[in-house]
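Engineer: Have a look at this prediction, sequence included:
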Amino acid sequence: MEKILIAGPASQILGVKIAQELGIESINTEGKTFPDGENYIRINIEDETLIAGKEVIIVQSTGPSASANQNARLMELFMMIDSVKRMGALKIIVVAPYLAYARQDKIFRPGESQFGNAIFNIINNFGINEFYAVDVHAPIILNECSCKAINIDSMKLLADYIKSLGAKDIVVVAPDKGAIERSSAFANYFGENVPVEVFEKERDVKTGEIKMSGSLNLNDKDVVIADDIIATGGTMATAIKLAKANGARKVFAVATHALLLQQAKYRILKAGVDEIIGTDSIDNEVCRVSLAKIIADYLK
Ligand code: R5P
């Protein structure tokens, strides 16, 4: 079946790169927000038969940026799926490198919505064929997807980049218990005996305030702090300060999804980081590693 890729407004660069890796044509979109706040999106074609009968890959990250928030990005994604379905796509593959709402995978306080799971009720209703995301906060939520759903692991790419910087005597530090599994898998990419340490983090579920503690021997070590997301940078900045206070020589702050909201970059730099390292899951200025090839490899 012939394939075509649609690079959604949130993933224009990544979308084109994936299409180039796959050797297929890519199309972009045009969009706007109506005066009443509703989203509008149109796939940039004049001839709808370009879509009919094809396998259509929609690449649209759903992270926040200066130009749109998660809700708008999700709405655009739903609208693109709806368009290609109407135009007669035979197979629809969705690639959402950053999956919005994935951190709302649990009930933390009575009365909440478990929307990280519920979002798949909406996606399932569209009847897509395959779904791909990268380093989902809690990959178990992909079980809610009724079609094939894959969590792509970007950690080898990130580890290879850090190795290329000449980091030595590496210790991987998980900033909280939730990051231990990911950090352990990450450490394996540096070598068999690379240690994984963990800090204790408590976040006030009402205020979001973080408290972190931990006493480790990081003297003369290059510390890699690995997390899935840097949002406000509170977790990362606190972990960096603690790693430095515990003797770390260099500290690399690594996250697949570097949202870098509010004062995140300032906070992390001020905490003494040597480099912030992210991917192009969303457009950001600390992207050191592109996901294009690894995503394309899954789509081949
Ligand atoms: C939380 O469990 C996540 O893995 C990240 O640690 C968190 O989302 C980072 O948020 P922030 O940068 O606002 O501390």
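Structural biologist: That came through, no problem.

Engineer: could you list every residue that touches the residue nearest in space to the middle of the chain?
Structural biologist: Geometric centre of the chain, nearest residue: residue 98, 3.4 Å, by CA atoms, centre = their mean. With contact set as CB atoms under 8 Å, 6 or more residues apart in numbering, residue 98 has these partners: 61-63, 133-134, 257, 259, 281-282. To be clear about C-beta, it is placed using only N, CA and C from the backbone, and glycine gets the same treatment.

Engineer: By neighbour count, which of those wins?
Structural biologist: residue 281 (31 neighbours; other CB atoms under 10 Å).

Engineer: what about stretch 261-276, how long is it end to end?
Structural biologist: 14 Å (CA to CA, to the nearest Å).

Engineer: How about it, which residues are buried there?
Structural biologist: The neighbour-count check on stretch 261-276 (16 or more other CB atoms under 10 Å) flags 264-265, 267-268, 271, 273-274, 276 as buried.

Engineer: Closest one to the ligand out of the contacts of residue 98, please.
Structural biologist: residue 259 (7.6 Å; CB to the nearest ligand atom).

Engineer: Go ahead and confirm the closest one touches residue 62.
Structural biologist: No: here residue 259 does not reach residue 62: they are 11.4 Å apart, not a contact under CB atoms under 8 Å.

Engineer: Spell out which parts of the protein neighbour the ligand.
Structural biologist: Contact residues (CB under 6 Å from any ligand atom) of the chain with the ligand: 103, 137, 175, 178-179, 227-236.

Engineer: switch the cut-off to 8 Å
Structural biologist: Residues of the chain found near the ligand (CB under 8 Å from any ligand atom) are 103, 137, 175-176, 178-179, 201, 203, 208, 210, 227-236, 238, 255, 259, 261, 264.

Engineer: thinking again about what came up before, report the separation between the residue nearest to the centre of the chain and the ligand.
Structural biologist: According to CB to the nearest ligand atom, to the nearest Å, residue 98 and the ligand sit 12 Å apart.

Engineer: what's the helix or strand for that residue?
Structural biologist: Using DSSP states H and E, residue 98 maps to neither a helix nor a strand.

Engineer: which residue sits closest to residue 152, ignoring its sequence neighbours?
Structural biologist: Residue nearest to residue 152 in three dimensions, not counting chain neighbours: residue 134, with 4.6 Å by CB to CB, 6 or more residues apart in numbering.
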